[in-house]
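Engineer: Sequence and predicted structure below; questions after.
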Amino acid sequence: MRRPFNRALHATLSGWLVGMLAMGPAAAQQQHVPLRLMPRTLPSASGPRVAVVAIPVDASLEGEALALAHWAEQAVARSGRLELVRLTDALDAQGASARQEKAVEGNAFLKDGLKAYDELDTVKALQSFDKAVRAYEQADLSRAFPLLSRARVMKAATQVANGENKAAELEMRSVLAVDPRATFNPNFFPPEEVAFVEKERKAQLEGAQATLSVRTQPATAQVFVDGTYRGVSPLTLTGLSRADHYVTLVAPGYAVTEGRAREGESSFTLAKLPVQQRYAALVERIAKNPDDEDRDQALQELGALAGVPQVLALVVRGGPGNAPLTVTGLRMDVADGHNQAYALGQVPRGDAMATGSEALLTGLVAQDAARLNGKPVKHFAGGGGVSRRTAGYVLLATGVALLAGGIYFGLEASSKSDAFKTAPQGSTRAEDLKSTGKTYALVADIGVLAGLVSAGAGSYLAFYKKGGGSSSSAPASPPPERAAPAAREEKPMKEALPM
């Protein structure tokens with residue numbers, strides 16, 4: 001049997017391993033920095049917890065909205081000042097906790113395997129790495145895939161150490177089929193196995209010509225294949241290896257769904273969560289009232305349903321054909337509806353969305369807007385003016401003032417009429433009283449009529465609750481300036497194993 005290494009070399013390897021864990025385990029597996037696993041959250045710095053929701057005003061834009069939600073989640077996670085809570089997990093705390101437990105279990109087995117390997121107990125190490133693989137496969141692979149790949153690499157390394165070279169090569173081939181960038185460190189693999197890996201890697205990359213179509217029902221979902229976000233369903237992917245790929249499907253209101261799929265067509269049925277109907281009703285309210293206060297009240301209710309203090313909402317409208325999307329974005333405090341950030345902008349569709357949305361999304365997470373005299377600032381009717389109820393109160397007050405003025409001038413007109421009757425007919429004073437009385441009577445009529453109209457309109461706006469929502473509002477502040485977009489690559493956040 002080939003023994004792993006002597007103690008001196010193990011000290012070096014321990015330093016290497018600590019560095020790898022500090023960078024994130026997937027640094028040894030692929031070019032991405034993997035996601036940190038935490039219950040109900042995507043990784044980011046500690047700060048206000050934020051959930052992202054994208055609402056298409058037209059149902060045909062559901063896929064575009066869900067794709068934009070993904071890039072908004074990445075912007076929140078990159079901000080360094082906000083903690084992202086994936087809405088899917090927030091609405092399914094029990095399921096998210098179960099997936100997290102499997103990830104933690106996998107971390108523990110992986111750590112045990114590394115310790116046993118370091119102590120030359122390769123039989124125990126192989127068992128631990130195999131258990132880690134099985135645990136990670138039941139975790140959320142949109143985040144845990146780099147760790148799954150890492151565990152499988154170490155499983156192959158232990159098989160080599162045990163002299164099980166054929167089994168090791170089968171495992172290495174299987175790993176490379178779904179993760180062609182996986183790293184097989186020469187400290188764990190002898191030269192002949194490293195040469196096998198590079199030959200197999202080249203073969204997998206050159207032979208990656210398979211096509212996979214992913215469909216979901218009853219809703220559209222974000223699609224992750226082998227841990228990488230690939231778009232929204234229905235989705236057709238090309239250039240894949242002919243292997244069983246890990247597919248993870250994410251849609252708010254539905255349980256995270258995972259499975260394996262080869263080339264061809266694969267259909268997945270998403271399981272509705274108990275809160276799905278409530279969530280769908282709130283989204284429908286926002287879509288029907290995208291620019292008035294009921295939008296914000298529904299967002300506050302959604303934030304309470306998800307259990308988060310802030311919601312980043314993106315209201316998505318579409319132009320004709322492939323015209324850019326028009327997006328209204330706001331980040332709201334759920335407690336009082338204050339808009340911490342607000343912006344209007346256009347976002348390209350399709351593959352250009354990632355970079356084309358960056359300036360808008362970064363502006364929504366970069367800083368917080370101040371309250372106005374301690375009161376929440378809100379934005380309605382496309383980003384300007386006051387709220388529906390506030391406008392109603394203004395019109396109502398104006399109507400009352402006009403009515404009061406009309407009554408006053410009516411009384412004055414009546415007084416002039418009485419004085420005219422007692423004045424000498426044909427005199428200058430009589431003519432002045434007659435002319436002034438007619439003017440006052442006309443002003444009174446106009447004032448009463450305008451006052452009734454204004455008061456009626458104000459009462460309607462102030463007291464008729466369209467969609468059941470109402471709130472106060474301070475004057476809107478202008479949207480933040482946005483920098484020009486720059487090309488970027490999606491970079492999930494750092495993953496850390498427990499030590």
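Structural biologist: Okay, I see it.
Engineer: What residues are bridge-paired with the most centrally placed residue in the chain?
Structural biologist: Geometric centre of the chain, nearest residue: Val52, 2.9 Å, by Cα atoms, centre = their mean. Per DSSP bridges, the residues bridged to Val52 are Leu312.
Engineer: Now do the phi/psi pair for Asp121.
Structural biologist: In terms of degrees, to the nearest 10, the main-chain angles of Asp121 are phi -90, psi 80.
Engineer: What of Leu249?
Structural biologist: Dihedral pair for Leu249: phi -120, psi 130, per degrees, to the nearest 10.
Engineer: What are the neighbouring residues in contact with Ala210?
Structural biologist: Thr238, Gly239, Leu240, Ser241, Arg242, Arg262, Glu263 (Cβ atoms under 8 Å, 6 or more residues apart in numbering). No exception for glycine: its C-beta is placed from N, CA and C like everyone else's.
Engineer: Specify the beta-bridge partners of the residue lying closest to the fifth one once chain neighbours are set aside.
Structural biologist: Closest residue to Arg242 in three dimensions, ignoring its sequence neighbours and counting by Cβ to Cβ, 6 or more residues apart in numbering: Ala210, at 4.8 Å. Listed beta-bridge partners, Ala210: Leu240 (assigned using DSSP bridges).
Engineer: Check Ala210 and give its pLDDT.
Structural biologist: As predicted, Ala210 sits at a pLDDT of 93.
Engineer: ok, back up a step: so can I have CSV of the contacts of Ala210 showing neighbour count?
Structural biologist: Formatted as CSV, those follow (neighbours: other Cβ atoms under 10 Å):
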residue, neighbour count
Thr238, 11
Gly239, 10
Leu240, 20
Ser241, 21
Arg242, 13
Arg262, 13
Glu263, 17
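Engineer: Just name the closest of those residues to Val225, please.
Structural biologist: Leu240 (7.6 Å; Cβ to Cβ).
Engineer: Am I right that that closest one is in contact with Gln204?
Structural biologist: No - using Cβ atoms under 8 Å, Leu240 is not in contact with Gln204, being 10.1 Å away.
Engineer: So what's the gap between the helix or strand Leu314 falls within and the chain middle?
Structural biologist: Using DSSP states H and E, Leu314 sits in strand 310-318. Relative to the chain's own centre, strand 310-318 is displaced by 9 Å; criterion: Cα atoms, centre = their mean, to the nearest Å.
Engineer: can you pull out the strands in the protein?
Structural biologist: Assigned by DSSP state E, the chain shows strands spanning 49-56, 83-84, 210-217, 222-225, 228-232, 235-240, 245-250, 257-261, 264-269, 310-318, 325-333, 339-347.
Engineer: Give me the phi and psi angles of the nearest residue to Leu273 once chain neighbours are set aside.
Structural biologist: Spatial nearest neighbour of Leu273, excluding adjacent residues (Cβ to Cβ, 6+ apart): Asp92 at 5.2 Å. Per-residue torsions, Asp92: phi -140, psi 60 (degrees, to the nearest 10).
Engineer: Contact partners for Asp92?
Structural biologist: With contacts defined as Cβ under 8 Å, 6+ apart, Asp92 is in contact with Ala255, Val256, Leu273, Val275.
Engineer: Ala67 now?
Structural biologist: Counted by Cβ under 8 Å, 6+ apart, Ala67 has contacts Gln222, Gly231, Val232, Met353.
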